[in-house]
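[1] below are the sequence and a predicted model for it; my questions follow.
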Amino acid sequence: MTTPPADRNGQAKSRGLWSYNLRILLGNSYWLIVTPVAAAQLVLLWNMATVSMFTPERAVQTTELVAPLLAAFLCAHALAPEQAGVRELVIVRPVSLEKILLVRLSAMFFFVLALIMPALLIYYFGLKPFPFGRALLSGLPSLLFLATLSMAVATGTRAPLLGFAAAAAYWVLDFALGNQFNPLVTLHGFSDFLANRPLSDQWVTGKIILLALTGLLYLWNRRLLIRPPGPRRWATTVRVGAALVLVLFLYIASGAACKITYGIRSESAAPGQSYFWYKQQFQTYGPLPIARLFGPAFALFMQAKSGAGASFTWSGSPLPTQQEMENMARLVQLYPKSIWADNAAFEIARSVGRKSAKQPWVIEVRRANRTAGEPDLVQDDLQGGVKAFRDFAAAYPTSPFAPTALSQAGQMAVRMLDFGAAVADCEKLVKEFPRASETSDAGLALSRLYLAQRRWQEALHAADVASAVAAWDLKGEALLAAARAAERLGDRDGARTRYQQAHAAAKQSRQFASERRRSPHGMSGGEVVLRADATMRACEQALARKNTPPAPQAPPRNLTLTGILSHAGKGIAGVRVALAGALDDREQLTPFVDAPTAQGVTDANGQFTLTGISPGEYIALAVAYSQTGDARLFQLEKPPLPIRVGSEPVTLPALRMSPRPMPPLRTRGVAETGVAKPGSTGGRAQRGGRRNDSASESRSGSRGGSRGGRGGSRSRGGNRRGGSQDDASRGGRRGGTR
């Protein structure tokens, strides 16, 4: 069967069109072929020579940076022979302008693909594997955008070199500052994502935006092709210059808006670093008043012209300077309804606990069979910090920082042995913020406390809330606590299901730890494995038991323990006393250890009464008191430990405090504003900073999440990803999750 003449004529015309365009491209200039080939070979040889430094993101940069630049060079010259006489071409040859343009672009893209494909194959099979398919797909939007930009400028100016120069200028700007200026229109979004750079997790959105801009540039290029070049006048030059300024303004402003949107959505992931994350992101713009575009409140929030020491860290936690704190106080006063008021108020609340207390506190713990160590002198205003955080949570109940404020208030209260207030803060956190990531620690701790107090229903509710938001390293323990509470309530099916879920979650956490994933709670891999193994053993033992209802347990007898604290024959009033049957993994008292802590306060005669004590053995006694005006610390005489509380209340003999010389105080090294004092060693600053600073300022850096609560994973560092963990928060959190 023969082909119809009309079909043969159409095939001949198509082959002739491709042949004609290829001859135009190849015959235009031999540099049009030599230059891309040479550039591709140089990139390949360079990566092979530096194979020891080769990474997957460098391979992806070949498709996102090298290929687009080669395509821009080729497309700038694609229509060079015919840009002035394209109408004559269409008249002479009955071919649509659309087809000519598409043929030229297709030829350019296939040529670029042929250049980079051997390099990608060598990288993948010869050097190191990388996501080959995603690398090609991620490079396509970048290649199309830069190529059409180059061709559009070349068509509009009728100067191929000027078109390539415009594309090259954008390429250089994007290579140096693309992710910092505007992460949504950067060419190398996927390679930044592989390198775990800030704001790179929205690279897919950036590629979609590049494709949309490519379509607009293509339509603009079509329109320019059918219009004859106009005369060059000064008015035309002014219009072009104004258009460039407008485009640059939109580029910078949209990038800043993207950063603010990202920060608002994710700032609760690292509340301690939120302010300095914004500062770091907007420092990229230098003296440009970009912050003013988003209102006077944000401009005041970002204002920091305090000279030396404007940005520094104290024990891994960034501290605003005095001028910055004054700016935040003005912001809260002038713009109380602004969305930035809670950010400023949270920084103000954080600063209160770092100030020197007018009356330092002494905290001393006595343990069984151990000589007393040096008492801990707390010089920071923890009481003021607790009040500031609670006031913040009450004033900004919908703020993403409110859960962190309650968590910090509870941890500071634990530090001063005010366990009743700490439990109240955790209960409020679980009740009002059930989806916040901080709730996982508080709910798990409360569940264990309720289990010890035989409050089964409350224990089940707290554990279920905790397991719903718990990170992978503690999810198994939260489910285990829920299973134990359900078993005590007689819900055998619910308990069995939770035991199975706890076993699976613990197994997964063990696997993640073996893969060296970073623990959201800052635990080491070995610690995660040990806790996961213990959880799995407990689940296996529970599942192996017969399905019989648990034997009813008699309610605990609310026993009491009384005693007196005296000095020189006189009772000491206002001393907090705590009794514990267990300690956390750092041998510190917490209200959430396996055997709950009983606590009380001495009256005017120095007498104290600890109520609600279950029968058992208690191995630690702690006191916390405000330092007296005679500038002396007190050594607590060894109490009769362990204390065995049986069927009858126990009365302790008088606990006498004998005075001893006050040890030399370490220099704080940091003033109230955080500026280092000249000549200070900073020893106390490091110790105090770890203990009294925000617990979220370290481990929260690896959490991610939305405005409703902390979560996720941002890695550590200055860009929203936290610093070192303080002692107080580590003791409180680990004690709560034991």
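    Received it, and whenever you're ready, just let me know what you need.

[2] tell me, what's the model's pLDDT at the residue lying closest to L489 once chain neighbours are set aside?
    In space, and not counting its chain neighbours, L489 is closest to W456: 4.8 Å by Cβ to Cβ, 6 or more residues apart in numbering. C-betas here are computed from N, CA, C, even on glycine. Reading off the confidence values, W456 has pLDDT 90.

[3] which other residues reach the one helix or strand Q61 maps to?
    Assessed by DSSP states H and E, Q61 sits inside helix 56-61. Contacts of helix 56-61 with the rest of the structure, by Cβ atoms under 8 Å, 6 or more residues apart in numbering, involve 47, 120, 123-124, 127-131, 135, 138-139, 188, 190-192, 194-195.

[4] what's the answer for stretch 506-516, then?
    Under the contact criterion Cβ under 8 Å, 6+ apart, stretch 506-516 has outside partners 472-477, 480, 519, 525-526, 528-529, 531-533, 535-536, 539.

[5] weed out the non-buried ones from the contacts of helix 56-61.
    Buried members of the contacts of helix 56-61, scored by 16 or more other Cβ atoms under 10 Å, are 47, 120, 123-124, 127, 130, 135, 138-139, 188, 190-192, 194-195.

[6] of the residues you listed, which belong to helices?
    47, 120, 135, 138-139, 190-192, 194 (DSSP state H).

[7] in three-state terms, label G600 for me.
    In the three-state summary, G600 is assigned as strand, counting by DSSP: H, G, I helix; E, B strand; the rest coil.

[8] residues touching the residue nearest to L489, list them.
    If a contact means Cβ under 8 Å, 6+ apart, then W456 has 450, 485, 488-489 as its contacts.

[9] what is the burial count for T261?
    Counted with other Cβ atoms under 10 Å, the neighbours of T261 add up to 11.

[10] in the helix or strand that contains it, what counts as buried?
    Here T261 is covered by helix 234-266, with elements defined by DSSP H and E. Taking 16+ other Cβ under 10 Å as the neighbour-count basis, helix 234-266 is seen to contain the buried residues 251-252, 255-256, 258-260, 262-264, 266.

[11] how near is the spatially closest residue to P397 that is not a sequence neighbour to G353?
    Spatially, and ignoring its direct neighbours in sequence, P397 is nearest to E432 (7.0 Å; Cβ to Cβ, 6+ apart). Spatial separation of E432 from G353 under the definition Cβ to Cβ, to the nearest Å is 22 Å.

[12] between these two, point out the one with more neighbours.
    Set side by side, E432 and G353 show more neighbours around G353, with 25 against 14, by other Cβ under 10 Å.

[13] for the more buried one, give me phi and psi.
    phi -70, psi -10 (degrees, to the nearest 10).

[14] skip the chain neighbours and tell me the closest residue to it.
    Closest residue to G353 apart from its sequence neighbours, by Cβ to Cβ, 6+ apart: G385 at 2.5 Å.

[15] and the contacts of the helix or strand harbouring the one you found?
    In this structure, G385 sits in helix 382-395 according to DSSP H and E. Helix 382-395 is touched from outside by 342, 345-346, 348-350, 352-355, 357, 361, 399, 401-402, 405-406, 408-409, 412-413, 415-416, 418, 421, 425, 428, 692, with contacts defined as Cβ under 8 Å, 6+ apart.

[16] in strands only, show me those residues.
    Helix and strand membership here follows DSSP state E; of the contacts of helix 382-395, those in strands are 357, 361.

[17] buried ones only from the contacts of helix 382-395, please, as a ChimeraX command.
    In ChimeraX, a selection of the buried entries from the contacts of helix 382-395 looks like this (16+ other Cβ under 10 Å):
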select :342,345,346,348,349,350,352,353,354,357,361,399,401,402,405,406,408,409,412,413,415,416,418,421,425,428,692
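
[18] so of the contacts of helix 382-395, which ones are in helices?
    Among the contacts of helix 382-395, the members falling in helices are 342, 345-346, 348-350, 352, 402, 405-406, 408-409, 412-413, 415, 421, 425, 428, 692 (criterion: DSSP H).

[19] next, I363: secondary structure please.
    Under three-state DSSP, the three-state class of I363 is strand.

[20] mind listing what it touches?
    I363 touches 375-376, 378, 415-417, 622-624, counting by Cβ under 8 Å, 6+ apart.

[21] now with 10 Å, please.
    If you count contacts by Cβ atoms under 10 Å, 6 or more residues apart in numbering, I363 has them with 375-378, 415-417, 576, 578, 588-589, 622-625.

[22] who wins for neighbours among those?
    Neighbours here mean other Cβ under 10 Å. Within the contacts of I363, the largest count is held by R415, at 28 neighbours.

[23] didn't that one look like it was pressed against A422?
    Yes: with contact defined as Cβ atoms under 10 Å, R415 counts as touching A422 (9.2 Å).

[24] show me where the stretch 401-550 of the chain has its helices.
    In chain order, the stretch 401-550 of the chain shows helices spanning 402-415, 419-432, 438-452, 456-469, 475-489, 492-514, 525-544, with DSSP state H, counting those that start in this stretch as the criterion.

[25] in a markdown table, list those along with distance to N369.
    What follows is these, written out as a markdown table (distance: least, Cβ to Cβ, whole Å):
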| stretch | distance to N369 |
| --- | --- |
| helix 402-415 | 25 |
| helix 419-432 | 24 |
| helix 438-452 | 24 |
| helix 456-469 | 32 |
| helix 475-489 | 29 |
| helix 492-514 | 34 |
| helix 525-544 | 25 |
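
[26] most packed of these?
    Per residue and on average, the most neighbours among those fall to helix 402-415, with a mean of 30 (mean count of other Cβ atoms under 10 Å).

[27] so how far is stretch 644-661 off the chain centroid?
    Here stretch 644-661 is found 47 Å from its chain centre; the criterion is Cα atoms, centre = their mean, to the nearest Å.

[28] swap in stretch 377-387?
    Remark: stretch 377-387 is offset 27 Å from the chain centroid, using Cα atoms, centre = their mean.

[29] quick check: buried residues in it?
    Along stretch 377-387, these residues count as buried under the neighbour rule (16+ other Cβ under 10 Å): 377-387.

[30] can you give me the end-to-end span of that stretch?
    This stretch, stretch 377-387, spans 20 Å end to end (Cα to Cα, to the nearest Å).

[31] same question, stretch 350-357
    Distances were taken as Cα to Cα; on that basis the terminal residues of stretch 350-357 are 14 Å apart.

[32] the helix or strand hosting N179 to helix 234-266, inter-axis angle?
    Using DSSP H and E, the secondary-structure element containing N179 is helix 160-181. For helix 160-181 and helix 234-266, the angle between their directions (axes from the mean of the first three to the mean of the last three Cα atoms, to 10 degrees) works out to 30 degrees.

[33] enumerate the positions of helix 160-181 that are buried.
    By neighbour count with 16+ other Cβ under 10 Å, helix 160-181 contains the buried residues 160, 163-168, 170-171, 174, 178-181.

[34] also stretch 113-124?
    Within stretch 113-124, the residues that count as buried by 16+ other Cβ under 10 Å are 113, 115-116, 119-120, 123-124.

[35] mind putting those into TSV with distance to S614 and pLDDT?
    Formatted as TSV, the entries for those read as follows, by distance: Cβ to Cβ, whole Å; pLDDT from 0 to 100:
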residue	distance to S614	pLDDT
L113	74	76
L115	77	75
I116	72	75
A119	71	74
L120	68	74
Y123	65	72
Y124	64	71
